[in-house]
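S.K.: I'll drop the sequence and a predicted model, then ask my questions.
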Amino acid sequence: MLTAIGTFGAVVVSLWLAKYDRKPNLYIYTVITDEKSGQDWHHIIEIKNLGTISTRIVSEGITPFKNRKWHEPFMSIESIGGEDDSYSDTFDSGQEFTIIIEEEEFNRTWKKCYLKFKKKKYYIYVENHTGRAHYEPIYFSINDIDK
C-alpha cells in the first residue's frame, strides 16, 4: 500500500514537472526571398523566442530531415539581430530577431543538400544552445537555384 502511494506521488510530481515549461522555444515564422537592392537577392528568416528563458543561436542552415540525422549549416550570414538591428549573443524570452542570408550562400548550401539527397522538401533549421533544433519547411526545385 505504501509503495502504491509513493509511486502515485512520483507520477504526479513528474507530470507536474513535465508541464512546467522552462526552456527556450524558437519559432521560425517567416522564410522570405526578397530583393535587397538592384539584382542582389537575399533570404530572410524571422525567428521569435517563445520560450520562458533566454537562448543563444548556435547554428542555422538547411536539412532534408526534420531530425538530427544530417544538417548543412550556412557558412556565413550577412547579419543577425533583434528589432533594433543590434547583434546580441543572447535572445530574451519574447524577443524577435532576423537572420539574413545572401543568395549565393543560400544556393551553395541548398545545392549541397539537393545533390546529396535529391528530395523535394527541405527545412530551414535553427539550433539553440541546448542542442534543440527548430524547423520550418521550404520548397525549391533545382530550377529555382540554377536560374
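M.R.: In hand now; what should we look at?
S.K.: kindly state the pLDDT recorded for the residue nearest the centre of the chain?
M.R.: Centroid-nearest residue in the chain: Val126, 2.3 Å away (criterion: C-alpha atoms, centre = their mean). With respect to pLDDT, Val126 scores 86.
S.K.: lowest-scoring secondary structure element of this protein by mean pLDDT?
M.R.: strand 79-82 (a mean of 54; mean pLDDT, DSSP states H and E).
S.K.: quick one: the strands in this protein?
M.R.: Assignment of strands within the chain using DSSP state E yields the ranges 26-37, 40-49, 57-63, 72-73, 79-82, 96-102, 121-128, 133-139.
S.K.: buried deepest among those, which one?
M.R.: Greatest average neighbour count among the strands of the chain goes to strand 121-128 (a mean of 20), per mean count of other C-beta atoms under 10 Å. Every C-beta, even on glycine, is put in place using the N, C-alpha and C of the backbone.
S.K.: what angle do it and strand 96-102 make?
M.R.: Counting by axes from the mean of the first three to the mean of the last three C-alpha atoms, to 10 degrees, strand 121-128 points 120 degrees away from the direction of strand 96-102.
S.K.: could you tell me the angle between strand 121-128 and strand 40-49?
M.R.: Using the same axes, to 10 degrees: strand 121-128 against strand 40-49 is 60 degrees.
S.K.: what packs against strand 121-128?
M.R.: strand 26-37, strand 40-49, strand 57-63, helix 103-117, strand 133-139 (3 or more C-beta pairs under 8 Å, 6 or more residues apart in numbering; DSSP states H and E).
S.K.: ranking the strands of the chain by mean pLDDT, which is last?
M.R.: For the strands of the chain, where the average pLDDT is lowest is strand 79-82, sitting at a mean of 54.
S.K.: let's have the strands of the chain in CSV, adding distance to Leu115.
M.R.: Putting the strands of the chain into CSV (distance: least, C-beta to C-beta, whole Å) gives the following:
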stretch, distance to Leu115
strand 26-37, 21
strand 40-49, 19
strand 57-63, 12
strand 72-73, 11
strand 79-82, 27
strand 96-102, 19
strand 121-128, 12
strand 133-139, 16
